[in-house]
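A.B. asks: How does the following fold in three dimensions:
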Amino acid sequence: MSVLEMKVPSPGESITEVEIATWLVEDGDYVEKDQPIAEVDSDKATLELPAEESGIITLKAEEGDAVEVGAVVCLIDTSAAKPEGAAPAKTEAPKKEKKVEVKEVPKAATYATGTASPAAKKVLSEKGIAASTVKGTGKDGRITKDDAVKAVPSMGTQPANGSRGTSRKKMSMLRRKVAERLVAVKSETAMLTTFNEVNMQPIFDLRKQFKEDFKAKHGVGLGFMSFFTLAVVRALKLYPDVNSMIDGDFQIKNDFQDISIAVSGPKGLMVPVIRNAENLSFRGVESEVKRLALRARDGQITIDEMTGGTFTITNGGVFGSMLSTPILNPPQSGILGMHNIVSRPMAVNGEVVIQPIMYVALSYDHRIVDGRESVGFLVAVKEALENPMELLMDNNPTKALEM
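C.D. replies: Have a look, this model is predicted:
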């Protein structure tokens, strides 16, 4: 018998631990070389784990287990022949039965019938839940630690009919890390938000005039993101403090603009980075946004593609958000929130005119960005979006959109 030990590869620098999110095969299955056998979560992305050789697989970790990089997660018997017809035997089935028996061992503890174990009491006390309100699943109705962990506070008298079901699911490592960072942002930065509104009519007019030719020529649509990205690049050059970050007692200023674009992926929010956006044209931005968004959606985005970034753009408008306060993407000092576009009455040359209006929001770290810079930055973005012909296209839209 020849057995290969499959170890967790390193997903990227500084990552020492991953979590088994989903096994894509079962214990005892025959797997082909390079076949995806598991999805693993790191604190930055979800990655597929391919089989290193063909053979019968034996799983050595459960879904939800946190395992160190380099740890053995499965064995592959490479000497096993590929089965024909019938599904391969589940060689580990008896072991699963043993696991069920082992779970029963703690239930034999010597505490009174119908009461909570010491470990369960501690958990219930921390939650502020009375043991009398919890139904035990242990021997003779005893309350186990698992019962206490799953217990939720009473929500009053429940109705006799109607669904009252709940579900419990462990958050992915990516989601837990995002949650940890969001809490850290609120406690470790002096985050403030300033708002403004943008008349999108000039961009509407340009897109109506050029979008068909643009798509035919470049193979990508002329969307709003290229206008916003290039407007942000211009504003960052005018207000470099917004493009900087704090490192201890030092301020790091960047002479390049790496723009992070927040996108919604299957495993949660991901923020791929458009590198050196200051060197890109409308076509360049649209192509890169499409490429990164597709990779994020398909779960193919890499750690390197989401590392770094000097400023973030997030578009809640695609989900219908009218106004929101975007939260910083540390260690960056600024994030621009886009919102939905709504036709609203505006005063134009002394007359009330219906125009497509978008509210925009800039959240910034006040420790490093003052009010003058933050307001000036957002006004610069507004000016570029309302005057794209002059400020983003150098009064030559045909040339700007052909590049």
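
A.B. asks: How about the contacts made by L47?
C.D. replies: Counting by CB atoms under 8 Å, 6 or more residues apart in numbering, L47 touches P11, E39, V40, G299. No exception for glycine: its C-beta is placed from N, CA and C like everyone else's.

A.B. asks: Show me which of those residues are buried.
C.D. replies: Taking 16 or more other CB atoms under 10 Å as the criterion, what is buried in the contacts of L47 is P11, E39, V40.

A.B. asks: The spatially closest residue to V73 that is not a sequence neighbour and L230: what is the separation?
C.D. replies: Among residues not flanking V73 along the chain, A61 sits closest, at 4.6 Å (CB to CB, 6 or more residues apart in numbering). A61 sits 46 Å away from L230 when distances are taken as CB to CB, to the nearest Å.

A.B. asks: Between these two, tell me which one has more neighbours.
C.D. replies: Neighbours were counted for A61 and for L230 using other CB atoms under 10 Å; L230 has more, 26 against 18.

A.B. asks: all helices of the stretch 251-400 of the chain, in order?
C.D. replies: 282-297, 303-306, 371-386, 388-391, 397-402 (DSSP state H, counting those that start in this stretch).

A.B. asks: If you count neighbours, what's buried in the first one?
C.D. replies: Residues of helix 282-297 classed as buried by neighbour count (16+ other CB under 10 Å): F282, R283, G284, V285, E286, S287, E288, V289, L292, A293, R295, A296.

A.B. asks: where does the residue nearest to V73 land in three-state SS?
C.D. replies: When classified by DSSP: H, G, I helix; E, B strand; the rest coil, A61 comes out as coil.

A.B. asks: That one contacts L49, correct?
C.D. replies: No - with contact defined as CB atoms under 8 Å, A61 does not reach L49; the gap is 10.8 Å.

A.B. asks: Which neighbours do these two have in common?
C.D. replies: By CB under 8 Å, 6+ apart, the residues touching both A61 and L49 are V73.

A.B. asks: Report all helices and strands that the lengthiest strand in the chain contacts.
C.D. replies: Identified as the longest strand of the chain according to DSSP state E is strand 351-365. Packing partners of strand 351-365 (3 or more CB pairs under 8 Å, 6 or more residues apart in numbering; DSSP states H and E): strand 191-199, helix 201-218, strand 334-338, strand 341-348, helix 371-386.

A.B. asks: what's near enough to touch the closest residue to A131 other than its chain neighbours?
C.D. replies: Nearest non-adjacent residue to A131, counting by CB to CB, 6+ apart: A116, 4.5 Å away. By CB under 8 Å, 6+ apart, the residues touching A116 are L124, A131, V134, G136, R142, I143, D147, A148.

A.B. asks: do G320 as well
C.D. replies: G320 neighbours (CB under 8 Å, 6+ apart): N340.

A.B. asks: do that again at 10 Å, thanks
C.D. replies: H339, N340 (CB atoms under 10 Å, 6 or more residues apart in numbering).
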